[in-house]
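**Q** Fold the stuff below for me.
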Amino acid sequence: MSRYHSHHHHRYAMERGSQLSDPFAVDPIRRSATIVLLSLAILLGPFLVSPEFGAGMMIAVGWLAATGVIFCVPILVWSLIEEAVRMLQRRIQPPVDELNLTPRIIHNLQRHGYATIRAIHLESDTSLLLLSNMESADVRQIRRAINLWKYARWQAQGFPVVEQE
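**A** The predicted structure follows:
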């Protein structure tokens, strides 16, 4: 590891507040579910062979499997709740990255605080043009992408007729 990389990694670890890594930081649902299922298999599986074998396995590694269940079930439940909330939030307030825009424009919008399609849609073209690194062609591309996104949602709903007042 280079000196720069080592220093950068150390600084990042210090900013996080710990040198220990979180094993559930990446894909917590899959990881916690795997541990829970393996732990339950270790706890219950040997009893399918025989009661004596099951008792022996409980004495040998049952405590470890029970610990896996005790610690990972709450992580699994919490992670499932977080994912459900995230999916509901994306459905109610779709994020800007759902638009078919270049990564540069998406990053520029997010950098200026435009996280949702609704926020961009309500903003005037003049206000968008005042953002740094935003050109009139970008604003036209944004408006086109929003219209195509709205059309795709309307199409997915079966082209419902909107009553004119």
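**Q** does the nearest residue to residue 120 once chain neighbours are set aside sit in a helix, a strand or a coil?
**A** The shortest distance from residue 120 to any non-neighbouring residue, by Cβ to Cβ, 6 or more residues apart in numbering, is to residue 114 (5.0 Å). All C-beta atoms are positioned from the backbone trio N, CA, C, and that covers glycine. Here residue 114 is recorded as coil under DSSP: H, G, I helix; E, B strand; the rest coil.
**Q** Pull the number of nearby residues for residue 114.
**A** 21 (other Cβ atoms under 10 Å).
**Q** quick one: contacts for it?
**A** Contacts for residue 114 (Cβ atoms under 8 Å, 6 or more residues apart in numbering) come out as 96, 120, 123.
**Q** Tell me the one of those residues nearest residue 60?
**A** Proximity of the contacts of residue 114 to residue 60, judged by Cβ to Cβ, is greatest for residue 96, which lies at 53.5 Å.
**Q** any idea how far that closest one is from residue 102?
**A** Residue 96 sits 12 Å away from residue 102, going by Cβ to Cβ, to the nearest Å.
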